[in-house]
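# Sequence below, structure please.
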Amino acid sequence: MRAMAADFISILQQNMPAQLEGAASTLDYSNVRQINDGYLEIVISFDPDALHKESLYDEGYPKGLENIVALFNNGYHAKNYVYGWWEGHSPTGTALERSSSDDGDYAWVRSRKEREPLNFIQDTVAEFNARYGTKYGATVEVGSDYKG
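Residues are numbered from 1 along each chain as shown. So this is what the prediction gives:
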């Protein structure tokens, strides 16, 4: 089971967008444990600290975003744009204002209003099930954050 969990993590890391590389590198699995009716379980999870991101709109979301991976996987449709400083981010051509080279790495940006779901969690589950479902009876249960 540990080998299958490691393979699931490998597939998921390959399916995740490059922007989530930091979170992807924190994926890990638990010890095998027996649950009801003789079934075995391994929990695969991200480090919660790697999932959290500060919001561009601190006034509206003072606690920030709890799960950046779920946001990319599930997508979103916001009512409007928000603006704010994106710290620790090298300014790109879409930045409205940039830090000077002496000030650090940040940019004043406008958020996206929409992001279509990437469904990389669901793609990973489908690929895993194709490899292991019939042969070993292994199944994956996705946490509610990733069900979109």
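# okay, and the helix or strand of this protein with the least pLDDT?
Here the helix or strand of the chain ranked lowest by mean pLDDT, DSSP states H and E is strand 97-98, holding a mean of 50.
# Now find how far off-centre the following helix or strand past it is within its chain.
Per DSSP states H and E, the first helix or strand lying C-terminal to strand 97-98 is strand 106-110. Here the centre of strand 106-110 is set off from its chain's centre by 22 Å, with Cα atoms, centre = their mean, to the nearest Å.
# so what strands line up beside strand 106-110?
Strand pairing for strand 106-110, using DSSP bridges, gives strand 83-87 (antiparallel), strand 97-98 (antiparallel).
# Out of these, flag the one nearest Tyr106.
Tyr106 sits nearest to strand 83-87 of all these, at 4.5 Å, using Cβ to Cβ. (Glycine included, C-beta is placed from N, CA and C.)
# And the residue nearest the centre of the chain, how far from Thr26?
Centroid-nearest residue in the chain, with Cα atoms, centre = their mean: Val69, separated by 1.5 Å. Counting by Cβ to Cβ, to the nearest Å, the gap from Val69 to Thr26 is 10 Å.
# shared neighbours of these two, which are they?
Shared contacts of Val69 and Thr26 (Cβ atoms under 8 Å, 6 or more residues apart in numbering): Phe46.
# what number of residues lie near Asp37?
5 (other Cβ atoms under 10 Å).
# Three-state assignment for it, please.
helix (DSSP: H, G, I helix; E, B strand; the rest coil).
# give me every residue that touches it.
By Cβ under 8 Å, 6+ apart, no residues touch Asp37.
# Could you report the pLDDT at it?
What the model reports as pLDDT for Asp37 is 83.
# Please apply the same query to Gln13.
Per-residue pLDDT puts Gln13 at 98.
# and whatever helix or strand it lives in, which residues are buried?
Assessed by DSSP H and E, Gln13 sits inside helix 2-15. Buried residues in helix 2-15, counting neighbours by 16 or more other Cβ atoms under 10 Å, are found at 4-5, 8-9, 11-13, 15.
# Which one of those residues is nearest to Ala50?
Gln13 (12.7 Å).
# ok so, going back, just say which of the strands paired with strand 106-110 is most tucked in.
Neighbour counts (mean count of other Cβ atoms under 10 Å) averaged over each of these peak at strand 83-87, with a mean of 15.
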